[in-house]
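Asks: my questions concern the predicted model and sequence given below.
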Amino acid sequence: MLRTGTMMAALVTSAMLMACGGDDKQAQNPQQQQCPQGQYFDGQFCQNMQGQQQQQQPPPAQTTAAPPPTSPIPVATATTGAPAQAADPASAAAATALLGPLAQQHAMPGAKPLGSAVAGNFQQGQSLETTVQMSPGKCYTVVGVALPPMTDLDIQLVPTLAMPGLPAAILAADNTQGAQAIVAGKPNCYKWALPMGAPVKMIVTAKTGSGMAAAQVYEK
């Protein structure tokens, strides 16, 4: 009778241990909580599926704005005033006599006059024009001088032919202010780069003041 009671007690204890072990295993692996439609279980709470989709969506691609178009490089164009009064050699002698010394100072050694000098009696803003023939492989310098009361003389070299309706682009011009105007002085000169010769226009303008002025193209 005692042995039977002992065995019954052991069976009861074993059953209780097995029952407790089953409860621990179930506590360690709880079933996933059921959430309403449109929600998911994050391990603790039910969350809206829309928020999860928004987090998974990649960020919108960044677009780079196109750079603004660059403006074209400006091209200097010739300006011509009203015609000045051309001067005869005798009346222009005082101005033309100064051209030779200027050429020796600013033209390339050995340069010779090309054509005749341009001389005139200018009012402010007036111009005189002449045409010279430039040749391949040659280089050119232009010198000009004005007598008082003129204080600024301007000289430009431009093509004789321009686009219809557009002013001619300047090939070369003096970059000084004053009664003397030098275009392409030494050690540089204006080199004619085309394989054939062409006529070029020289424009002489009284920029500031009025009076007698003369200019001459030299070629080497």
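Replies: Nice, thanks for sending it over. Numbers count the residues shown, from 1 in each chain.
Asks: note down every partner strand of the helix or strand hosting Gln216 and its orientation.
Replies: When elements are assigned from DSSP states H and E, Gln216 belongs to strand 211-219. Next to strand 211-219 in the sheet, as set by DSSP bridges, lie strand 112-122 (antiparallel), strand 139-146 (antiparallel).
Asks: among those, show me which one is buried the most.
Replies: Most buried of the strands paired with strand 211-219 by mean neighbour count (mean count of other CB atoms under 10 Å) is strand 139-146; its value is a mean of 26. Bear in mind the C-beta positions are built from the backbone N, C-alpha and C, glycine included.
Asks: per-residue confidence for Ala193?
Replies: Listed pLDDT for Ala193 reads 86.
Asks: can you count the residues close to it?
Replies: Neighbour count for Ala193, taken as other CB atoms under 10 Å: 7.
Asks: tell me the phi and psi of the closest residue to it other than its chain neighbours?
Replies: Nearest non-adjacent residue to Ala193, counting by CB to CB, 6 or more residues apart in numbering: Pro136, 8.0 Å away. Backbone geometry at Pro136, expressed as degrees, to the nearest 10, gives phi -60, psi 140.
Asks: am I right that Pro136 is in contact with Lys191?
Replies: No: using CB atoms under 8 Å as the test, Pro136 is too far from Lys191 to be in contact (9.6 Å).
Asks: how near is the residue nearest to Ala193 to Trp192?
Replies: 6 Å (CB to CB, to the nearest Å).
Asks: please say which of these two ends up with more neighbours.
Replies: Applying other CB under 10 Å to Pro136 and Trp192 shows that Trp192 carries more neighbours, namely 20 against 12.
Asks: list the contacts for the residue lying closest to the more buried one once chain neighbours are set aside?
Replies: Leaving out its chain neighbours, the residue that sits closest to Trp192 by CB to CB, 6+ apart is Met134, at 4.4 Å. Listed by CB atoms under 8 Å, 6 or more residues apart in numbering, the contact set of Met134 reads 140, 192, 197-200, 219.
Asks: filter these to the buried ones?
Replies: Buried members of the contacts of Met134, counted by 16 or more other CB atoms under 10 Å: 140, 192, 200, 219.
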